[in-house]
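1. turn this into a model:
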Amino acid sequence: MLKYLAGSLWGMLLFSNGLMAQNESPAASTQDKKSTAAEVEDILTREPQASDYGEDVRCVNVRRIRRTEILDERHIVLHMGREQFYLIQFRQRCPGLRPNQAVVYETTTNNRLCKLDGIRTIYDHGLSGRTPGMRCSVPGFQSVTKEQVLVLKDTLKVQARQAREARKASKAAEKEARRQEKLMEKKARQADRAAERA
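-> Numbering: from 1, shown residues only. This is a model prediction of the structure:
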């Protein structure tokens with residue numbers, strides 16, 4: 001069954017459950033933020049494991065999904081309402097998956113998105129119609145808190161910015177290397193001509 005949804009999908013995190021208490025002390029709040037950030041960092045720097053997914057959450061009711069938020073090509077957050085969120089994290093990049101991209105679910109059970117079901121991006125060609133992208137298999141669902149989602153989004157933004165800066169620096173270095181190489185070739189030719197005249 002195909003269900004078109006505009007937005008996002010996917011993720012997997014090994015996070016502790018529970019929301020921060022309303023009347024916690026500033027020190028406790030700071031410690032919780034550090035703990036959440038450490039958990040997110042741990043997830044993003046290692047390969048996802050099957051044990052990271054809650055075995056009791058094999059499917060989610062599509063009708064309960066309020067919003068599908070794509071964070072990047074590997075991470076999707078399902079907003080279920082009432083402060084309930086599920087993260088889906090692909091082991092590999094899901095080509096074409098990006099924020100605000102339309103997606104389609106390929107489910108095997110009526111109104112339920114389950115582990116190993118598929119998700120595809122949808123490319124809108126206007127009057128020419130729509131075409132589906134590559135199918136990506138759902139590895140599972142991990143329940144996460146609102147605070148963990150916020151930290152994850154911030155972390156991914158920082159990583160994306162660092163990646164862009166690294167690519168920019170690499171291109172600049174390559175350009176400078178080519179310039180130096182051409183300069184050396186020019187000097188070599190000048191030296192050869194000087195030697196011929198001598």
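2. hey, let's count contacts and neighbours off CA atoms from now on
-> Noted.
3. for the chain, what spans make up the helices?
-> Assigned by DSSP state H, the chain shows helices spanning 26-44, 146-197.
4. what's the most buried one of those?
-> Comparing those by mean neighbour count (mean count of other C-alpha atoms under 10 Å), helix 26-44 ranks first with a mean of 15.
5. tell me the average confidence for it?
-> Taken as a whole, helix 26-44 has a mean pLDDT of 64.
6. go on, stretch 76-92?
-> 90.
7. buried set for it?
-> Residues of stretch 76-92 classed as buried: 76-80, 85-91 (neighbour count, 16 or more other C-alpha atoms under 10 Å).
8. which pair in those residues spans the largest distance?
-> 80 and 91 (23.1 Å; C-alpha to C-alpha).
9. so of the buried residues of stretch 76-92, which ones are in strands?
-> With strands taken from DSSP state E, the overlap with the buried residues of stretch 76-92 comprises 76-80, 85-89.
10. out of those residues, which one sits closest to residue 125?
-> Nearest to residue 125 among those is residue 76, at 23.8 Å by C-alpha to C-alpha.
11. least confident of the helices of the chain, on average?
-> helix 26-44 (a mean of 64).
12. residues contacting the residue lying closest to residue 81 once chain neighbours are set aside?
-> Spatial nearest neighbour of residue 81, chain neighbours left out: residue 66 (6.2 Å); criterion: C-alpha to C-alpha, 6 or more residues apart in numbering. When contacts are counted by C-alpha atoms under 8 Å, 6 or more residues apart in numbering, residue 66 touches 78-81.
13. repeat for residue 120
-> 103-106, 132-136.
14. any chance of the helices of the chain in CSV, with distance to residue 122 too?
-> CSV is the format used below for these (distance: least, C-alpha to C-alpha, whole Å):
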stretch, distance to residue 122
helix 26-44, 27
helix 146-197, 23
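15. could I get stretch 120-132 in PDB with only the CA atoms?
-> What follows is stretch 120-132, C-alpha atoms only, in PDB (Å, rounded to 0.1, in the frame of the first residue of the first chain):
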ATOM      1  CA  ARG A 120      10.800   6.100  -1.200                       C
ATOM      2  CA  THR A 121      11.300   9.700  -2.000                       C
ATOM      3  CA  ILE A 122       8.800  11.100  -4.600                       C
ATOM      4  CA  TYR A 123      10.000  13.500  -7.300                       C
ATOM      5  CA  ASP A 124       7.400  16.000  -8.400                       C
ATOM      6  CA  HIS A 125       7.800  16.900 -12.100                       C
ATOM      7  CA  GLY A 126       4.800  19.200 -12.200                       C
ATOM      8  CA  LEU A 127       2.600  18.600 -15.200                       C
ATOM      9  CA  SER A 128       4.800  15.600 -16.100                       C
ATOM     10  CA  GLY A 129       3.700  13.800 -12.900                       C
ATOM     11  CA  ARG A 130       5.600  12.100 -10.100                       C
ATOM     12  CA  THR A 131       8.200   9.400 -10.100                       C
ATOM     13  CA  PRO A 132       9.400   7.300  -7.100                       C
END
